[in-house]
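Chemist: Build me a model from this:
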Amino acid sequence: MAEFNFSEELKKVPDTPGVYLMHDKRDDVIYVGKAVNLKRRVSSYFRKSARQSLKIQSMISNIARFEYILTDSELEALILECNLIKEYRPKYNTMLMDDKTYPYVMITLSEDFPRILLARRMKKDNNKYYGPFTSGGAVRDTIELLQKMYGIRNCNKAISEDNNINGRPCLYYHIGQCPGVCQGKISKEDYWEHVNQAMKFLEGNYAATLAEMEQKMQEAAAGLDFEKAKEYRDLIHSIQHVAGNQKITTHQFEDRDIIAYAEEGSDAVVQVFFVRNGKLIGREHFYLTTAPGDTGKDILTSFIKQYYIGTPFIPHQLLVQEEVEEPELLSRLLSRNQNYTVKIINPKKGKKEKLVELAAKNARNLLEQNKEKYRREQKRTVGAVHEIEELIGIENIHRMESYDISNTNGYESVASMIVYEDGKPKRNNYRKFKIRTVKGPDDYASMEEVLTRRFTHGLEERKKLDREGKEYILGSFSKFPDILMMDGGKGQVNVALQVLEKLGLDIPVCGMVKDDNHRTRGLYYNNVEIPIAKKSEGFRLITRIQDETHRFAIEYHRKLRNKGQVHSVLDDIPGIGPSRRKILMKEFKSIEAIRNATVERLKEVDSISPKVAEEVYKFFH
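Modeler: So this is what the prediction gives:
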């Protein structure tokens, strides 16, 4: 490669908004920045007379070349900068190490007879969202409580006001926990009164509900029904968890996040208090790695960009410990998907300043308490990933995906997809598959089907998100891995490579090779088996990934088997239930015979309508 001529390339940089990327001698991206005027900003790094911070001086000494991407506006440049930082995770950008999501309580007001559900993302639809909350378990308990107290249905039947008679009533109707919506036992108006009462509870009117629960607990205890009393006690605890023992309240009933930080060396902790409707509903802390010379302004600005970009709900106010960089532009970025302006405020006095000081005190305390623990965790997770990177010669591995096939003598295979990000399991990204087209214990063919479905779905989601102008992080399958970790050697690796090549994807594939005793012995990459030290953190991470992939697949298979649901691939065909499945198997004797049958032959079978025959044929072809 010809040597990069900085003076000549700087002359070509235009006077327009955009994003610039600095590369080192290994061509890794080490810094991403944005500029209103690319020429002025990029040139400033290479002026000998310019006064540079320690961070910039260190970065400049490692730059081998730069590139840039033009945008139409400074706001577009800021959005692109955020996305590229997440993609490349550059050495000299302040990086958020955590990627957490928090649950919402969703009331499906878009339905004639709404339900109460847990949602991981807040979407722009006609439903009502409350949260986010910091405890998924307490939210589930609260949803269960509201369903019991106010008679809110928990089935997923499509029930409308015009046609709400839908089969036999469920168990919840018979035990008095559902008013019989699907049987027309309650009018839409009366049912909505129940929903409104539940919404009042979620809006903070806890006192009446707590008093009622306390009374019922006392009555159960007096009647020596201690199991019932314990149930009420647990519900009371869940309500109190969601309600919060309010140490922070405001009288403006506003939604706001309070953000402060503490730093030491290359470690930083950001503490966030979540205030909703004037009440503190929870708090959370986040770890960041900083670059040399990073200021408090750099830390807060980087955190806000990385944490809130792509987040559906952002509160009206962010109270911050220090002024952030370009607050007006950052406010425009955060407000673009909201129906209001998100204000970033650095309070100087009064109650708001006291709240920020409290958050800063908590951040400092967390940093002191967890410094050594965090460093051990870093070695175990991110450090282990770096060991794997060095072993196989790949940089910037952030997301790993691993797959496994589970079957019982080939009887109804299922597959698991597990995800690790920065060496930690990302459980809300795990996925499960039933194998549809493969008969018998053929792991290679099953893996080919699973990977084809996973990445085809992801590509389709990406096209949809591109049309809507949304980030890929918002999809279920649209976020692709930096590397595929296959549980096996050459055979499984080649299957994955063939699928990726067929779909036009360039993703590295690494095999996790086991010995004859089914213990990890090394990695298979680029047609070479690479040994790995058994006492290394990288080896331990590989073992954890293998064990987790296997556990998730086995657990799914066992769960289906215990429920009596693992019967046949026919269960996945629309219109085929237990009765029609038995009729088809009695007629054709095997799945293979059904697969080879024509639509006309399928129509001849008793109880198989032309539409169902078409569905069966389409499923297999």
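Chemist: For the stretch 1-150 of the chain, just list every one of the strands.
Modeler: Counting by DSSP state E, counting those that start in this stretch, the stretch 1-150 of the chain has strands at residues 18-23, 29-35, 65-70, 95-96, 104-107, 116-119, 128-130.
Chemist: These: which one's closest to L171?
Modeler: Distance to L171, taken as Cβ to Cβ, is lowest for strand 116-119 among those, at 18.2 Å. Any C-beta I mention is one placed from the backbone N, CA and C, and that applies to glycine too.
Chemist: helices or strands up against that closest one?
Modeler: Packing contacts for strand 116-119, counted by 3 or more Cβ pairs under 8 Å, 6 or more residues apart in numbering; DSSP states H and E, involve strand 104-107, helix 136-150.
Chemist: okay, now E212: neighbour count?
Modeler: By other Cβ atoms under 10 Å, the residues close to E212 number 12.
Chemist: That one: which element?
Modeler: Taking DSSP states H and E as the criterion, E212 maps to helix 207-222.
Chemist: the inter-axis angle of that helix versus helix 136-150?
Modeler: Orientation of helix 207-222 against helix 136-150 (axes from the mean of the first three to the mean of the last three Cα atoms, to 10 degrees) gives an angle of 80 degrees.
Chemist: Helix 207-222: which residues count as buried?
Modeler: 209, 213, 216-217, 220 (16 or more other Cβ atoms under 10 Å).
Chemist: Can you spell out which helices and strands pack onto that helix?
Modeler: helix 226-243.
Chemist: Adding distance to V270, mean neighbour count and mean pLDDT as columns, could you present the helices and strands packed on strand 116-119 in CSV?
Modeler: CSV is the format used below for the helices and strands packed on strand 116-119 (distance: least, Cβ to Cβ, whole Å; neighbours: other Cβ atoms under 10 Å; pLDDT from 0 to 100):
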stretch, distance to V270, mean neighbour count, mean pLDDT
strand 104-107, 22, 23, 85
helix 136-150, 22, 19, 76
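Chemist: thinking again about what came up before, which of the buried residues of helix 207-222 lies at the shortest distance from N154?
Modeler: When the buried residues of helix 207-222 are ranked by distance to N154 (Cβ to Cβ), T209 comes first, at 18.5 Å.
Chemist: any idea of the mean pLDDT for the biggest helix by length in the chain?
Modeler: Longest helix of the chain, by residue count under DSSP state H: helix 350-380. Averaging pLDDT along helix 350-380 gives 81.
Chemist: hey, C-alpha coordinates of the helix or strand following that helix in PDB?
Modeler: Using DSSP H and E, the helix or strand that follows helix 350-380 in sequence is helix 382-392. Extracted in PDB, the C-alpha atoms of helix 382-392 (Å, rounded to 0.1, in the frame of the first residue of the first chain):
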ATOM      1  CA  VAL A 382     -13.500  -7.700  27.700                       C
ATOM      2  CA  GLY A 383     -10.000  -9.000  28.500                       C
ATOM      3  CA  ALA A 384     -11.000 -12.500  27.400                       C
ATOM      4  CA  VAL A 385     -12.300 -11.200  24.100                       C
ATOM      5  CA  HIS A 386      -9.000  -9.400  23.500                       C
ATOM      6  CA  GLU A 387      -7.200 -12.700  24.100                       C
ATOM      7  CA  ILE A 388      -9.400 -14.400  21.400                       C
ATOM      8  CA  GLU A 389      -8.800 -11.400  19.100                       C
ATOM      9  CA  GLU A 390      -5.000 -11.900  19.400                       C
ATOM     10  CA  LEU A 391      -5.200 -15.600  18.900                       C
ATOM     11  CA  ILE A 392      -7.100 -15.500  15.600                       C
END
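Chemist: now the angle from helix 382-392 to helix 350-380?
Modeler: Here the directions of helix 382-392 and helix 350-380 differ by 40 degrees (the same axes, to 10 degrees).
Chemist: What's the mean pLDDT across the very next helix or strand once past helix 382-392?
Modeler: On the C-terminal side of helix 382-392, the closest following helix or strand by DSSP H and E is strand 399-408. Taken as a whole, strand 399-408 carries a mean pLDDT of 84.
Chemist: which strands and helices sit next to strand 399-408?
Modeler: Short answer (3+ Cβ pairs under 8 Å, 6+ apart): strand 399-408 packs on strand 411-421, helix 443-468, strand 483-486, helix 537-562.
Chemist: Please name whichever of these is nearest to S331.
Modeler: Among the helices and strands packed on strand 399-408, if distance is taken as Cβ to Cβ, the winner is helix 443-468, at 23.0 Å.
Chemist: Give me the buried positions along the closest one.
Modeler: By 16+ other Cβ under 10 Å, the buried positions in helix 443-468 come out as 443, 445-455, 458-459, 461-462, 465.
Chemist: hmm, back to that, could you list the buried residues of the longest helix of the chain?
Modeler: 352, 355-356, 358-360, 362-364, 366-367, 370, 374, 377-378.
Chemist: now, among those residues, which is nearest to I435?
Modeler: Proximity of the buried residues of helix 350-380 to I435 (Cβ to Cβ) peaks at E377, which lies at 36.4 Å.
Chemist: Tell me who's in contact with that closest one.
Modeler: Under the criterion of Cβ atoms under 8 Å, 6 or more residues apart in numbering, E377 has no neighbours.
Chemist: Span of stretch 57-75 from start to end?
Modeler: Using Cα to Cα, to the nearest Å, the end-to-end distance of stretch 57-75 comes out at 27 Å.
Chemist: now do stretch 24-34
Modeler: Using Cα to Cα, the two ends of stretch 24-34 sit 18 Å apart.
Chemist: residues in contact with it?
Modeler: For stretch 24-34, contacts defined as Cβ under 8 Å, 6+ apart pick out 17-23, 41, 59, 62-65, 74, 77-78, 80-81, 84-85, 88, 90-93, 395-396.
Chemist: ok, of these, which come out buried?
Modeler: 17-23, 41, 59, 62-65, 74, 77-78, 80-81, 84-85, 88, 90-93.
Chemist: I405 contacts F433, correct?
Modeler: No - taking contacts as Cβ atoms under 8 Å, I405 lies outside contact range of F433: 9.3 Å.
Chemist: more crowded one of these two?
Modeler: I405 (27 against 20).
Chemist: which residues does that one bridge with?
Modeler: Per DSSP bridges, the residues bridged to I405 are A415.
Chemist: and the gap between it and M149?
Modeler: Distance of I405 to M149, given as Cβ to Cβ, to the nearest Å: 44 Å.
Chemist: Same question for K582.
Modeler: For K582, the distance to M149 - Cβ to Cβ - is 42 Å.
Chemist: cool, S416 as well?
Modeler: For S416 relative to M149 (Cβ to Cβ), the value is 37 Å.
Chemist: what residues are shared contacts of I405 and F433?
Modeler: Jointly contacting I405 and F433 under the rule Cβ under 8 Å, 6+ apart are 414-415, 450.
Chemist: Looking at these, which is nearest G575?
Modeler: G575 lies nearest to V414 out of the shared contacts of I405 and F433, by Cβ to Cβ, at 22.3 Å.
Chemist: What count of nearby residues applies to the closest one?
Modeler: Neighbour tally, V414, other Cβ under 10 Å: 25.
Chemist: just checking, it touches N407?
Modeler: Yes - if you go by Cβ under 8 Å, V414 and N407 touch, sitting 7.2 Å apart.
Chemist: how far does stretch 179-191 stretch from start to finish?
Modeler: 8 Å.
Chemist: picking that back up, and the helices and strands packed on strand 399-408: which comes nearest I309?
Modeler: helix 443-468 (14.3 Å).
Chemist: Now do that closest one and strand 399-408, the angle between them.
Modeler: Interaxial angle of helix 443-468 relative to strand 399-408 (the same axes, to 10 degrees): 140 degrees.
Chemist: hang on, the earlier thing: which one of the strands of the stretch 1-150 of the chain has the lowest average pLDDT?
Modeler: strand 95-96 (a mean of 74).
Chemist: returning to what we had before: of all the helices and strands packed on strand 399-408, which lies closest to L602?
Modeler: The nearest among the helices and strands packed on strand 399-408, by Cβ to Cβ, is strand 411-421 at 21.8 Å.
Chemist: roughly how far is the next helix or strand after that closest one from the heart of the chain?
Modeler: Sequence order places strand 424-425 as the next helix or strand after strand 411-421, per DSSP H and E. Taking the mean of its C-alpha atoms, strand 424-425 sits 12 Å from the chain's own mean (Cα atoms, centre = their mean, to the nearest Å).
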